[in-house]
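Asks: here is my input; please provide its structure:
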Amino acid sequence: MEPETEMQGKTELEQRINITEENQYEELGQNQKIETLLDGKDSQASSTLSPSGKNDDHHNESEQPVNNTSKECQQLEETIEIVNSIQVQGTNELEQLKDKQINNIKEKQCQELGQNEKIKRLINVHDDDHNESEQPINSMSKEHQQFEENTEICTSIQVQLQRNNEHEESIMDMGEKCADQEPPLWNWVWPYELSSVEPLSCVAKTSNNEYDKCLKGCKWAPDGSCLLTNSEDKKLRLFNIPTELSTGGTDWQTLDYKNEEWCSVFGVKEGGQVYDYCWFPRMSSMDPDTSCFLTSAQDNPIHLWDAYDGQLRATYLAYNYADVIIAAHSIAFDASGTKIFCGYHKMIRIFDVSRPGRQCVERKLTGKLLPDLNVGGIVSCIAVHPTSDTLYACGSYNKSIGIYLDDGTVVCVLVGHFGGLTHLKFNSDGTKLYSGSRKDSRLFCWDMRNLSTEYQIFDRVVDTSQRIYFDLTPNEKYLVSGCTNGVVRVWDLHSAISESQDNAESDIPTSPHYEFTASTDCINGISCNPYLPLLATASGQRYFPDIAMDEADDIFVDSSSSQENTVRLFKFV
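Replies: Numbers count the residues shown, from 1 in each chain. Below you'll find the predicted structure:
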């Protein structure tokens, strides 16, 4: 409460006390007057008494006034007693009035004060009253009991605040100590050191070996808890990581896991051939709201699926000039997971994740001012910069890569691939861009700080038009890619820098650090687990029956002797 309000309350109380005292003084003056009259009456009575020598008649005459005077004296004494009782009663009433006024002022102050100030003021008032009165606890009023309860509450709050302050100070001290020390490199991921790669006896057969059921890639979830695969039968399947591999304290050096049948949890059926799919970047199995993934299929809109039960969450639609739904050939989330970048024919559409439907932002990739700095054809792959949502790369089937800003402004166009682009990937800090294309055995690494030429070139085997994926290990020390001949190649990026500088003039690709045969069929899917030393591979490709010879009974013969549509896990040691 403000000091002015307290002064006004005290002034009103003093005025009432002064008025009461003036009333008492007036009553005392009346009493003095009455006593003076009594004294005058007594003197008159004594003067009217006759001497002993006078006659009896005169004595009888004077006796009657004396009796009258005594009656008046009795009345005056009664009046004095009444006045004294009135004074005592007035004093008691004055004290009660004071207490009542003080209590009213205190109640007004408590109402205007906040909860914390109210508790403190009540505690202080209680302490003062307790020290002055020194009454036992049993004689305390209800208000004092409330004060005690408020005191306990305030004390507990102060103790909790003190503990919080101590906890914050300890955290600050720990942060200062950590700031003085140099943090270890990649202490949050598995320290990949590829001396060798051993296969795990964990094979998942998604279907029988039919030519139209081959796999078309696999991707680990961002939290590493499950694996998502795509296949030619228009179905995406989800595999949970085996419990024996996800438990803590696993000795990976001596681990020999055996599971001949790794079954999927559920499958999502699309209405057409799946063009592209991707996980929500902030996916965590501990938070069901973030457990979802996107898919884009032929003649279908973009679908957002729940990774827990496979239910459809949302749909994002794009329409052409004839108001017909068109499918996105490539999709990608931004780093924050709030936008969806979708690639179409000579166009990029950006959807807001929180607003399903047809509302989107359209960015045409062809312009009249700079026709040479444009990416034409179908946008086959997209990669959004990990640290800047306003920068993204688009690869198209016309063998070029375009770097664009969020407003559609073209930064540059990268050329050099022999085939249409099928996969783009930024490293974690966005300084490097890796690209791969179909029917092209070269992987390019582009330096985003100097885009005039290729930074590094890596050699692999890609003889078909399939989308052959590649991936970086979480510590970004190794680049891993599959090949159409069933071989997995691994490059050491740290040692490859010096080798690529030596071969810069001759454009000789960097030789792989390690390679091993993962399957008898094409390895089209490669994905490194972000937290465990596990590598997942998906194998398979389309096979068409050959025409039989004239002397054969059948018209067609099977030509898929090496077909293998499987998902395998490998461990890094």
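Asks: can you tell me how far N300 is from P356?
Replies: 14 Å (Cβ to Cβ, to the nearest Å). For glycine as for every other residue, the C-beta is placed from the backbone atoms N, C-alpha and C.
Asks: looking at the two, which is more packed in?
Replies: N300 (21 against 17; other Cβ atoms under 10 Å).
Asks: what about the closest residue in space to S336 that isn't next to it in sequence, how many neighbours?
Replies: By the measure of Cβ to Cβ, 6 or more residues apart in numbering, the closest residue to S336 outside its immediate chain neighbours is D389, 6.5 Å from it. Other residues near D389 number 16, with proximity taken as other Cβ under 10 Å.
Asks: SS state for D389?
Replies: Here D389 is recorded as coil under DSSP: H, G, I helix; E, B strand; the rest coil.
Asks: mind checking pLDDT for it?
Replies: In this model, D389 is scored at 80, pLDDT.
Asks: got it, and S336?
Replies: 90.
Asks: do you know how far it is from Y455?
Replies: 27 Å.
Asks: who has more neighbours, those two?
Replies: Y455 (20 against 11).
Asks: now do the same contact list for that one.
Replies: 432, 444-447, 500 (Cβ atoms under 8 Å, 6 or more residues apart in numbering).
Asks: what do you get for W491?
Replies: 458, 478-480, 510, 512-513.
Asks: same thing but 10 Å
Replies: W491 sits next to 194, 443, 445, 456, 458-460, 470, 477-481, 499, 509-515 when contact means Cβ atoms under 10 Å, 6 or more residues apart in numbering.
Asks: pull out the buried residues from those residues.
Replies: 194, 443, 445, 456, 458-460, 470, 477-481, 499, 509-510, 512-513, 515 (16 or more other Cβ atoms under 10 Å).
Asks: show me the shaky parts of the stretch 401-550 of the chain.
Replies: Scanning the stretch 401-550 of the chain for pLDDT under 70 picks out 496-507, 545-550.
Asks: can you map out the helices along it?
Replies: Counting by DSSP state H, counting those that start in this stretch, the stretch 401-550 of the chain has helices at residues 493-502.
Asks: for it, which segments count as strands?
Replies: 410-415, 421-426, 432-437, 442-447, 456-459, 470-472, 478-482, 487-492, 514-517, 523-528, 534-539, 546-547 (DSSP state E, counting those that start in this stretch).
Asks: which among those is found nearest to Y257?
Replies: Proximity to Y257 (Cβ to Cβ) singles out strand 534-539 among these, at 10.2 Å.
Asks: what's the angle between that closest one and strand 478-482?
Replies: 20 degrees (axes from the mean of the first three to the mean of the last three Cα atoms, to 10 degrees).
Asks: against which helices or strands is strand 534-539 packed?
Replies: Judged by 3 or more Cβ pairs under 10 Å, 6 or more residues apart in numbering; DSSP states H and E, the packing partners of strand 534-539 are strand 197-205, strand 215-220, strand 226-231, strand 478-482, strand 487-492, strand 523-528, strand 566-572.
Asks: if we use 7 Å, what do you get?
Replies: strand 215-220, strand 523-528, strand 566-572 (3 or more Cβ pairs under 7 Å, 6 or more residues apart in numbering; DSSP states H and E).
Asks: and these: which comes nearest Q96?
Replies: Per Cβ to Cβ, nearest to Q96 of the helices and strands packed on strand 534-539: strand 215-220, 81.9 Å.
Asks: and the closest one, which strands flank it?
Replies: strand 226-231 (antiparallel) (DSSP bridges).
Asks: what does the partner strand rub up against?
Replies: 206, 213-221, 236-241, 274, 277, 279, 293, 536, 538, 567 (Cβ atoms under 7 Å, 6 or more residues apart in numbering).
Asks: next secondary structure element downstream of it?
Replies: Using DSSP states H and E, the helix or strand that directly follows strand 226-231 along the chain is strand 235-240.
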